[in-house]
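Novice: quick one: sequence and predicted model below, then my questions.
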Amino acid sequence: MILIDALILATLTFVLGYIAGRVYTVLLLVKRVNKEIESLENELHQAQEIVYDDETAKCFVEERDGVYYLYETNTEMYLAQAKTLEELAQKIQNNNKIQYALVTLFHNEKEHEEFWFHEGEVNKL
């Protein structure tokens, strides 16, 4: 009888230790996943912030099929689209509350033009 009790006790101890180890492993995994999710959320939040230098947004424009698409340079976040540069300047002033923007219009990899958007108006640099 004592041998059977010792065997049952040893089996229960082994099973409980195994379960405790599995639970601990799962908890560590959940902690690591949560830490990684938090890190990715922080990176996403930082990437979505528009970077200003002395109140000036730095942007670039792509033209596709007669439509201009405006993006913030550092984050490549989409800001607006329009059929003319003048419309873009007005849209970012009204919708994005950007008063000043240094804008680069890329024609191809080697050719580009630079513009200054100031309070909804376009000036070529």
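Specialist: Thanks, I have the structure now.
Novice: quick one: buried residues of stretch 32-42?
Specialist: For stretch 32-42, the neighbour count (16 or more other C-beta atoms under 10 Å) marks no residue as buried. In this view, the C-beta of every residue, glycine as well, is placed from N, C-alpha and C.
Novice: ok, now stretch 112-125?
Specialist: Residues of stretch 112-125 classed as buried under the neighbour-count rule (16+ other C-beta under 10 Å) are 115, 117, 120, 122.
Novice: just these: which are in strands?
Specialist: 115, 117, 122 (DSSP state E).
Novice: out of the buried residues of stretch 112-125, what pair is the most spread apart?
Specialist: The distance between the two most remote of those (C-beta to C-beta) is 12.7 Å, for 115 and 120.
Novice: could you give the mean pLDDT of the longest helix along the chain?
Specialist: For the chain, the helix with the greatest residue count under DSSP state H is helix 2-48. What helix 2-48 shows for mean pLDDT is 84.
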